[in-house]
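1. Okay, here's the prediction I keep looking at, along with the sequence it came from:
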Amino acid sequence: KKEVTTKKGKTQIQYDPGVPMSKEQLAAWRREARRVRNRESAAASRQKIRDRIDELEGEVEQWKAKFNEAMNMINRLEQTPRPL
């Protein structure tokens, strides 16, 4: 894997096997390398989604606890006799 600059001045990563190959072998190698990169990227994306879900579930639990605390406070206040 090495960085090359295109004619337009953009930097791209070029994946090169480092050994001589025929065009067909090179195409197959690149296709397989792309599949591997895509598989890794998809796994990272799924993990990121799972982590976000865990984070949001934690937030939900915190909000539920705050809600229950507020409801208990309301119930206690309603039970307390008020002076006239």
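-> Cool, got the structure.

2. And the strands in the protein?
-> 2-5, 11-14 (DSSP state E).

3. What segments of this structure are helices?
-> 23-79 (DSSP state H).

4. Show me the shaky parts of it.
-> Applying pLDDT under 70 to the chain flags residues 1.

5. gap between the residue most central in space within the chain and residue 40?
-> Closest to where the C-alpha atoms of the chain average out (CA atoms, centre = their mean) is residue 48, at 2.1 Å. Taking CB to CB, to the nearest Å as the measure, residue 48 falls 13 Å from residue 40. Placement of C-beta: from N, CA and C, glycine included.

6. Next: residue 76.
-> Counting by CB to CB, the gap from residue 76 to residue 40 is 54 Å.

7. same check, this time on residue 65
-> Taken as CB to CB, the span from residue 65 to residue 40 is 38 Å.

8. got it, and residue 34?
-> 11 Å.

9. now do residue 15
-> 13 Å.

10. Residue 49 too?
-> 15 Å.

11. Report how many residues lie close to residue 26.
-> Neighbourhood size, residue 26 [other CB atoms under 10 Å]: 14.

12. so it sits right up against residue 18, yeah?
-> No - between residue 26 and residue 18 there is no contact under CB atoms under 8 Å: 11.4 Å.

13. Identify the residue nearest residue 17 in space, chain neighbours excluded?
-> residue 29 (5.2 Å; CB to CB, 6 or more residues apart in numbering).

14. So that neighbour sits against residue 22, correct?
-> No - counting by CB under 8 Å, residue 22 is not a contact partner of residue 29; they are 10.2 Å apart.

15. the more surrounded of those two?
-> residue 29 (15 against 8).

16. How much space separates the more buried one from residue 61?
-> Applying CB to CB to residue 29 and residue 61 gives a distance of 48 Å.

17. again with residue 46
-> 23 Å.

18. just residue 23 next, same as before
-> 57 Å.

19. So which of the two has more stuff around it?
-> Between residue 23 and residue 61, counted using other CB under 10 Å, the more crowded position is residue 61 (10 against 7).
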